[in-house]
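Colleague: Predicted model and sequence below, questions to follow.
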Amino acid sequence: MSCRLILVVLLVAFPLVARPLKPPELRLPDDVRPVECRVDLRIAPGQDRFSGMAEIDVDASRITPVVWLHAKELQLTDASVDGTRVRVEMTDTDFVALVPAQPLAPGRRRLRVAYEGTVSRNLTDGLFQQKEGADWYVFSKFEPITARRAFPCFDEPSFKIPWQVTVRVPAGPRVFSNTPVSSETAEPDGTRVVRFSRTKPLPSYLVALAIGPFEVVDAGRVGKRQVPSRIIVPRGRAKDARPAVEATPKAIDLLEGYFGIPYPYEKLDRDEKGNPLNVETKNR
């Protein structure tokens with residue numbers, strides 16, 4: 001048998017293995033841009049693992065063989081584009097590739113990614129948890145680029161899109177996010193499903209989340225649009241909310257005067273230190 005024939009036989013029997021994809025060096029490519037994102041998270045304060053589903057509507061501007069997303073320390077368990085499963089290729093960077101069997105044609109597409117991650121007890125980035133007394137509280141801190149620890153996404157400030165957040169928690173903890181609650185239901189196992197209204201266009205780092213046995217102190221209506229304002233405090237610390245209650249109307253009046261526009265969101269939630277929960281939760 002000639003050497004050439006042996007080579008042909010080997011190539012047929014052992015097809016060449018595809019080389020790993022080269023991830024972006026700094027920023028995501030501009031051939032696919034997000035349009036809207038829906039995130040469904042299952043989180044239990046005090047437990048280290050959480051799971052989620054991210055559904056992202058995107059617009060492909062040209063034929064696209066690979067869709068790149070940000071994901072950091074997440075385990076992607078399943079992914080599809082327009083209902084068809086795609087290959088997931090992880091990298092040793094903050095980028096993950098969704099690789100369809102055939103390149104995507106230009107136009108609107110829907111990505112769905114199931115995944116698991118960790119609620120940190122050490123870091124205060126992404127989703128993290130802290131204990132006060134006997135109670136566990138989960139917070140988010142996504143600024144500047146750590147939303148990718150909570151869900152696969154286009155985690156760059158230039159991508160401003162509407163978000164719709166759903167959180168599944170055990171009975172007991174309260175859940176807060178950027179927008180008012182649009183519905184709350186119970187599953188047969190007692191899990192509460194809290195769905196929040198769709199946000200205005202936001203970059204990923206401004207999506208906010210807080211879970212735990214919080215107490216809520218009404219701070220009245222504030223600003224030119226008279227939006228409802230609340231102070232969110234850990235259990236047993238409602239008395240600490242008084243300074244924030246008194247300062248909130250004055251702060252909003254000053255900010256509206258400085259920027260020349262009314263406060264644009266549907267509500268204002270702050271912690272007892274006056275930090276806005278709508279934007280990000282601060283390390284206690």
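Modeller: Sure thing, it's come through.
Colleague: Only C-alpha atoms from now on, for both contacts and neighbour counts.
Modeller: Will do.
Colleague: where does this structure dip in pLDDT?
Modeller: 1-19, 274, 277-284 (pLDDT under 70).
Colleague: tell me what the helix ranked longest in it is packed against?
Modeller: In the chain, taking DSSP state H as the definition, the longest helix is helix 242-259. Helix 242-259 sits against strand 215-222, strand 227-233, with contacts defined as 3 or more Cα pairs under 8 Å, 6 or more residues apart in numbering; DSSP states H and E.
Colleague: let's see it at 7 Å
Modeller: strand 215-222 (3 or more Cα pairs under 7 Å, 6 or more residues apart in numbering; DSSP states H and E).
Colleague: what sits against Thr191?
Modeller: 168-171 (Cα atoms under 7 Å, 6 or more residues apart in numbering).
Colleague: just the buried members of those residues?
Modeller: Buried members of those, counted by 16 or more other Cα atoms under 10 Å: 168-170.
Colleague: Surely Ile161 and Glu36 touch.
Modeller: Yes. Ile161 is within contact range of Glu36, at 5.3 Å (criterion: Cα atoms under 7 Å).
Colleague: Comparing those two, which shows the higher neighbour count?
Modeller: Neighbours per residue (other Cα atoms under 10 Å) separate Ile161 from Glu36, with Glu36 holding more: 21 against 18.
Colleague: can you list the residues that contact the host helix or strand of the more buried one?
Modeller: If you go by DSSP states H and E, Glu36 is part of strand 32-42. Contact with strand 32-42 is made by 50-61, 67, 154, 159, 161-169, as judged by Cα under 7 Å, 6+ apart.
Colleague: Buried ones in the longest helix of the chain, by neighbour count?
Modeller: Within helix 242-259, the residues that count as buried by 16+ other Cα under 10 Å are 244-245, 248-249, 252, 256.
Colleague: now it and strand 215-222, what's the angle there?
Modeller: 40 degrees (axes from the mean of the first three to the mean of the last three Cα atoms, to 10 degrees).
Colleague: Need the CA coordinates for helix 242-259. PDB is fine.
Modeller: C-alpha atoms of helix 242-259 as PDB (Å, rounded to 0.1, in the frame of the first residue of the first chain):
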ATOM      1  CA  ARG A 242     -35.200  57.500  59.400                       C
ATOM      2  CA  PRO A 243     -32.200  59.500  58.000                       C
ATOM      3  CA  ALA A 244     -32.700  58.000  54.500                       C
ATOM      4  CA  VAL A 245     -36.500  58.700  54.700                       C
ATOM      5  CA  GLU A 246     -35.800  62.400  55.500                       C
ATOM      6  CA  ALA A 247     -33.000  62.800  53.000                       C
ATOM      7  CA  THR A 248     -34.600  61.100  50.000                       C
ATOM      8  CA  PRO A 249     -37.100  63.800  48.800                       C
ATOM      9  CA  LYS A 250     -34.400  66.500  49.100                       C
ATOM     10  CA  ALA A 251     -31.900  64.400  47.200                       C
ATOM     11  CA  ILE A 252     -34.300  63.700  44.300                       C
ATOM     12  CA  ASP A 253     -35.200  67.400  44.100                       C
ATOM     13  CA  LEU A 254     -31.600  68.400  43.900                       C
ATOM     14  CA  LEU A 255     -30.800  65.700  41.300                       C
ATOM     15  CA  GLU A 256     -33.800  66.700  39.100                       C
ATOM     16  CA  GLY A 257     -32.800  70.300  39.300                       C
ATOM     17  CA  TYR A 258     -29.200  69.500  38.400                       C
ATOM     18  CA  PHE A 259     -30.000  67.200  35.400                       C
END
